[in-house]
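A.B. asks: After the sequence you'll find the predicted model.
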Amino acid sequence: MSHATRIDQTVRRIYDTFDNPGTSPVEAGLGDIDSWIDAIDGLGGSALTGLQTELRNLRSYVERDDRPAIAATLQRLGTETSRIAHGMHSLTDNTGDQLRHLGQTLVIAAGNLKMS
């Protein structure tokens, strides 16, 4: 699966979770988190290592349904994703734009979770 497809699916699933809060199984979300951890694994760089750590934290918070911790982690992931995307303007495959959209979506999801 391409990164573009993975990003698009992630964004759609985040919105679906908030649009239909009772219908999105935790197992699907955990699978998405695991998929991102695997995708980042071995790419190197301290920023990506930090993202992997946050994703692992997110996974444990989702398992425990620790909503304040989930919101804080989504906020950090969104901010970091947006920061990484900032330097990707020159890519021709729109990955930078998609990552910016993902970053914004994560920050919005964090805010929505804080308000719920």
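C.D. replies: Looks like it came in fine. Residues are numbered from 1 along each chain as shown.

A.B. asks: Where does pLDDT dip in the chain?
C.D. replies: 1-3, 21, 44, 88-93 (pLDDT under 70).

A.B. asks: Tell me where it has helices.
C.D. replies: Per DSSP state H, the chain carries helices over the ranges 3-19, 26-40, 46-64, 67-86, 95-115.

A.B. asks: Pipe these into CSV and attach mean neighbour count per row.
C.D. replies: C-beta coordinates here come from the backbone N, C-alpha and C atoms, glycine included. Listed next are these as CSV, based on neighbours: other CB atoms under 10 Å:
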stretch, mean neighbour count
helix 3-19, 14
helix 26-40, 15
helix 46-64, 16
helix 67-86, 18
helix 95-115, 17
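
A.B. asks: got a list of what the residue lying closest to residue 37 once chain neighbours are set aside touches?
C.D. replies: Leaving aside its chain neighbours, residue 37 sits nearest to residue 55 (5.0 Å; criterion: CB to CB, 6 or more residues apart in numbering). By CB atoms under 8 Å, 6 or more residues apart in numbering, the contact list for residue 55 reads 33, 36, 37, 40, 77.
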